[in-house]
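J.: The following block contains a protein sequence and its predicted model.
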Amino acid sequence: MSRPRTRILRNVELDAAIKRGSRTYASIAILINNVAAEDGKNLRCTAATLGKWLNGAVPVQATMAYAVEAFSRLLDEPGLTACDLGWPAGTVTGPDDPWRGDPVTWITTLGRSEMLDLDRRDALAAGLYSLAAAALPDRLHRITRRAGEPRRAGAADVARIRETTRYFGDLDDLYGGGHARSALGAYLTHDVAPLLRGTTGAARPALFVAAAELAYLAAYMAADSGRPGVAQRYYVQSVRLADEAEHPVMRATALRGLAVQAVELGHNRAGRDLADAAADGIRTGAPVRTRAWITGMCAEALAAASGDRARARSLLHAAEADLERADSLPEAEIAGAYRRESFAHQVGLTLHQLGDLAGAEEHYAASVDSRRPVERRTRALIGARLAYVQLRRRHPDQAARTLLDLSDTLTAVSSERVQGVLSQIRTAWQPYRGDADVRQADRLLTSVLRPA
């Protein structure tokens, strides 16, 4: 894998890490650039860059942070440090551990970063997605005292937060996670976090559950906006707020969100472990629809991590059986929207992970066709995934027609997840641009895709 050397190797630790990763310099450089891209940075690390580092050059602090995270993922060593790569100890401490500290302080900090876009300033201020943070800690860090004026929360406070969460959720469905995120951050910072400090009274657990629900939505919107590090930290705080409320169903819900994110980013084993932890957390009881929702994610994560067709299909059957006998949940409940069309999407994702493209196409199409007009971002995302599968099955004309039928939807939403799939499609169908439908759809993508 390594090139023949013409000078004495100075960074033996980095050389050993490269050899353990069994990848070329160029592919490792791409991995580092991809980590930087998650943080909104256009890093141009190359094979030659790694060669310079091996010869003793030390990267700048921001680049070093990206490299440490990239090698931790490559080697599956979440605790990897800069020192392990032959760089000065303490040069990069990495992002703060979101499982420690006060979750109320965390959501305040995150909310402010969303308001002011502070997380783009540098690698340490930004919340890089962390493989270490994707693992559940052995011991949870509990908050015993929290600074703040004593106050009694009431049912009206809880109702206001939940109504506001519904409002932001409706905007997210219509316009995507890139819309109104700063407003949600402001609401978390100025209205919700102060309520959580020093709160006493019978309504306190419900207040923390409502805050966890809002943090979950903030995480989902950040993930949809291409801010995986911010999203991960919001999800973790949602788990911790649910823990403080002693609400296992909300905790499992937030863990499922972490699992979805991990699988979408390609961290499949972490995604499987998080999905399993979510399922374990509701074994003593949960609404049947919620159990179906989490079991379906377990199937997808298992398929991604191991390719175990029999077990994944068994989990899908269990999820479907629960869904068939589920009592109604209010639409406002996070799992309340898990209906047949949602399950069809989950089946499509699972089959896609298993390599069954024909099955994935069938279920994606069923999901898109049955979506309501208010689910515009969801229709855009699943429709883009459907078109990509059709293209992989060498049906470019069908892929083009799928996108053209969604033209109004695609132009209305602000979603980096949708943008990512559309970019893959545009790259993959270049050989088919002689087809009239493909040319027309390509013009649509030209207008929809934002410059990198």
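T.: That came in fine, so what should we check first? Remember, it's a predicted structure, so these values are computed and weren't measured experimentally.
J.: Surely residue 288 and residue 322 touch.
T.: Yes - in this structure, residue 288 is within contact of residue 322 by C-beta atoms under 8 Å, at 5.0 Å. Just so you know, the C-beta spots here come from the backbone N, C-alpha and C atoms, and that holds for glycine as well.
J.: For stretch 283-303, buried residues please.
T.: 286-303 (16 or more other C-beta atoms under 10 Å).
J.: These in helices, which ones?
T.: With helices taken from DSSP state H, the overlap with the buried residues of stretch 283-303 comprises 288-303.
J.: which stretches of the stretch 351-452 of the chain have low pLDDT?
T.: 452 (pLDDT under 70).
J.: tell me which helix or strand of the chain sits lowest on mean pLDDT?
T.: When the helices and strands of the chain are scored by mean pLDDT, DSSP states H and E, strand 151-152 comes last with a mean of 74.
J.: Need the residues that contact the next helix or strand after that strand.
T.: Sequence order places helix 155-175 as the next helix or strand after strand 151-152, per DSSP states H and E. With contacts defined as C-beta atoms under 8 Å, 6 or more residues apart in numbering, helix 155-175 is touched by 179-180, 183-184, 187, 191-192, 195, 203, 206-207, 210-211, 213-214, 217, 220-221, 224, 332, 374-378, 412-414.
J.: So for stretch 408-425, first residue to last residue, what's the gap.
T.: 18 Å (C-alpha to C-alpha, to the nearest Å).
J.: Not counting that stretch itself, show me its contacts.
T.: Against stretch 408-425 from outside (C-beta under 8 Å, 6+ apart): 174-179, 223-226, 264, 376-377, 379-381, 383-385, 387-388, 391, 399, 403, 444-445, 447-450.
J.: ok now that stretch, how far from the chain's centre?
T.: Distance, stretch centre to chain centre, for stretch 408-425: 16 Å (C-alpha atoms, centre = their mean, to the nearest Å).
J.: Flag the shaky bits of the stretch 51-200 of the chain, pLDDT-wise.
T.: Where the stretch 51-200 of the chain drops to pLDDT under 70, the residues are 90-95, 117-127, 143-150.
J.: Do you have the strands of it handy? List them.
T.: 151-152, 199-200 (DSSP state E, counting those that start in this stretch).
J.: picking up where we left off before, ChimeraX command to pick out the buried ones of the contacts of helix 155-175?
T.: Selection of the buried residues among these in ChimeraX, burial being defined by 16+ other C-beta under 10 Å:
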select :179,180,184,187,192,195,203,206,207,210,211,213,214,217,220,221,224,375,376,377,378,412,413,414
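J.: In space, not sequence, find me the middle residue of this structure.
T.: Nearest to the geometric centre of the chain sits residue 261, at 2.8 Å (C-alpha atoms, centre = their mean).
J.: Quick one: neighbours of the closest residue to residue 89 other than its chain neighbours, just the number.
T.: With C-beta to C-beta, 6 or more residues apart in numbering as the measure, residue 83 is the residue that lies nearest to residue 89, at 4.3 Å, once sequence neighbours are left out. Residue 83 has 14 neighbours, counted by other C-beta atoms under 10 Å.
J.: And for residue 434?
T.: 8.
J.: repeat for residue 252
T.: Neighbour count of residue 252, defined by other C-beta under 10 Å: 26.
J.: Kindly report the same for residue 159.
T.: Residue 159 is flanked by 12 other residues according to other C-beta under 10 Å.
J.: what do you get for residue 112?
T.: 17.
J.: didn't residue 103 look like it was pressed against residue 235?
T.: No - the criterion here is C-beta under 8 Å, and residue 103 misses it with residue 235 at 11.4 Å.
J.: Now do the domain split for the chain, please.
T.: With domains defined by automatic domain parsing, the chain comprises 12-85, 103-384, 385-452.
J.: Quick check: which of the strands of the stretch 51-200 of the chain is buried the most?
T.: Counting by mean count of other C-beta atoms under 10 Å, strand 199-200 has the highest mean neighbour count of the strands of the stretch 51-200 of the chain, with a mean of 15.
J.: Sheet-wise, list the partners of that one with their directions.
T.: Strand 199-200 pairs in its sheet with strand 151-152 (parallel), by DSSP bridges.
J.: got a list of contacts for the strand it pairs with?
T.: With C-beta under 8 Å, 6+ apart, strand 151-152 has contacts from 195, 198-201, 203.
J.: okay if I get those as a markdown table plus distance to residue 88?
T.: As requested, the contacts of strand 151-152 are exported to a markdown table (distance: C-beta to C-beta, whole Å):
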| residue | distance to residue 88 |
| --- | --- |
| 195 | 44 |
| 198 | 42 |
| 199 | 44 |
| 200 | 48 |
| 201 | 51 |
| 203 | 51 |
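J.: and which of those residues is nearest residue 361?
T.: When the contacts of strand 151-152 are compared for distance to residue 361 (C-beta to C-beta), residue 195 comes out closest, at 46.8 Å.
J.: Who are the contact partners of that closest one?
T.: So residue 195 contacts 151, 153, 157, 161, 207, 211 (C-beta under 8 Å, 6+ apart).
J.: any chance of these in a markdown table, with distance to residue 58 too?
T.: Shown next, in a markdown table, are the contacts of residue 195 (distance: C-beta to C-beta, whole Å):
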| residue | distance to residue 58 |
| --- | --- |
| 151 | 50 |
| 153 | 51 |
| 157 | 51 |
| 161 | 47 |
| 207 | 48 |
| 211 | 42 |
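J.: so which of those comes closest to residue 349?
T.: Using C-beta to C-beta, the contacts of residue 195 come closest to residue 349 at residue 211, 29.3 Å.
J.: Give me the pLDDT for that closest one.
T.: Per-residue pLDDT puts residue 211 at 97.
J.: my read: it touches residue 242, true?
T.: No - assessed by C-beta under 8 Å, residue 211 is found out of contact with residue 242, at 9.2 Å.
J.: Which element, helix or strand, includes residue 19?
T.: helix 12-21.
J.: Give me the contact list for that helix.
T.: 1-2, 9, 25, 28, 50, 53-54, 71, 74-75, 83-86.
J.: out of those residues, what pair is the most spread apart?
T.: So, the contacts of helix 12-21 by C-beta to C-beta: farthest apart are 1 and 83, at 23.2 Å.
J.: so who does residue 59 touch?
T.: Counting by C-beta under 8 Å, 6+ apart, residue 59 makes contact with 49, 53, 67, 87.
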